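Structure for this input, please:
(one chain, ligands or ions: 1)
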Amino acid sequence: MNNILIKTKQLVKRYGSVPVVNGLNLEVKSGEIFGFLGPNGAGKTTTIKMLTGLLDPSEGEIFIGGYEIRKQPAQAKALIAYVPDQPKIYNKLSAREFLFLISALYRVPKDMAKDRVEQLLAIFDLSNRADELLEGYSHGMRQKVVLASALIHQPRVILLDEPTVGLDPASARLLKDILQELARQGAAVFVSTHILEIAERMCHRVGILKNGRLIAQGSPEELRQETGRGGESLEDIFLELTGDKENAELIASLKEEQ
Ligand SMILES: Nc1ncnc2c1ncn2[C@@H]1O[C@H](COP(=O)(O)OP(=O)(O)OP(=O)(O)O)[C@@H](O)[C@H]1O
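Residues are numbered from 1 along each chain as shown. So this is what the prediction gives:
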């Protein structure tokens, strides 16, 4: 297996005749954290759902660890962890029960599961409430349970859709540290986010999606050089590339007229 763990070739998704993802070519290597950025409706969630195999592409191919997701779905999916933007969780289970359920679904051997569950509960600071029903958990606590459950089978490909929404600063920092450690151990991490500061600090490379097309990709530093915007923040580059800077100028002009 080469070290490209996520690869898409000319990926297209249409709803009716409208392409919402259009000719996407992506590669994410082992050890890399790739930030997937783009305005609302750009096609990020649609792309991530195709990468997980939950949504069929209209055209193109997806390789996870070298396995084409539609031709070898079991092999590809065994490598993946997916944290959706609106996770479903079983409210009538406790966090500990939920994590054991997910371990069983991924066929993690029982002894190993026991260690992993306790380790993850401790890492996410959930140990002392692990036997309470999830229905009584706050949004951020539920998010942490979902993140813990995604890591239980030691995935090589980690797909996260807006994972920091609802997390407090300490938990967002913890997530960043965990993802960096997993990448260091060889995982490929693909994360969509609107928080450009996180992308800038966490991601080795970012891709900017607009209207279903990748309009730029590279390290934040490379994007600065390409756009001739040395010294500017990723946020300024993002707004420039996605055209939202015009909005900022419009708003500024409104203020001047007041
Ligand atoms: N089931 C569907 N049927 C029709 N159109 C859809 C469907 N799902 C998504 N779309 C459209 O596809 C486009 C991309 O949506 P998607 O959810 O992938 O965007 P996104 O980049 O994740 O946006 P956000 O940042 O707002 O979450 C949008 O125009 C959306 O309306």
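
Please make it C-alpha for all contacts and neighbour counts, starting now.
Will do.

Show me what whatever helix or strand Leu121 lives in is packed against.
In this structure, Leu121 sits in helix 110-123 according to DSSP states H and E. Packing partners of helix 110-123 (3 or more Cα pairs under 8 Å, 6 or more residues apart in numbering; DSSP states H and E): helix 95-105.

For whichever residue of the stretch 51-200 of the chain sits closest to the ligand, give me the pLDDT.
Closest residue of the stretch 51-200 of the chain to the ligand, Cα to the nearest ligand atom: His194 (7.2 Å). Model confidence at His194, given as pLDDT, is 87.

which one is it nearest to, not counting chain neighbours?
Excluding its sequence neighbours, the residue lying closest to His194 (Cα to Cα, 6 or more residues apart in numbering) is Leu37, at 6.4 Å.

I figured Val20 hits Gly43, correct?
Yes: counting by Cα atoms under 8 Å, Val20 does reach Gly43; the two are 5.8 Å apart.

Are there residues contacting both of the two? Which ones?
Here Val20 and Gly43 have Asn211, Gly212 as joint contacts, going by Cα atoms under 8 Å, 6 or more residues apart in numbering.

Name the residues of the helix holding Leu121 that come out as buried.
Within helix 110-123, the residues scored as buried using 16 or more other Cα atoms under 10 Å are Ala113, Arg116, Val117, Leu120, Leu121.

With only the CA atoms kept, save it in PDB.
What follows is helix 110-123, C-alpha atoms only, in PDB (Å, rounded to 0.1, in the frame of the first residue of the first chain):
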ATOM      1  CA  LYS A 110     -13.200  -7.900  24.200                       C
ATOM      2  CA  ASP A 111     -10.100  -7.500  26.300                       C
ATOM      3  CA  MET A 112      -8.700  -4.800  24.000                       C
ATOM      4  CA  ALA A 113     -12.100  -3.100  23.900                       C
ATOM      5  CA  LYS A 114     -12.100  -2.900  27.700                       C
ATOM      6  CA  ASP A 115      -8.800  -1.100  27.800                       C
ATOM      7  CA  ARG A 116      -9.600   1.200  24.900                       C
ATOM      8  CA  VAL A 117     -13.000   2.200  26.400                       C
ATOM      9  CA  GLU A 118     -11.500   3.100  29.800                       C
ATOM     10  CA  GLN A 119      -8.500   4.900  28.100                       C
ATOM     11  CA  LEU A 120     -10.800   7.000  25.900                       C
ATOM     12  CA  LEU A 121     -13.200   7.800  28.700                       C
ATOM     13  CA  ALA A 122     -10.300   9.000  30.700                       C
ATOM     14  CA  ILE A 123      -8.700  11.000  27.800                       C
END
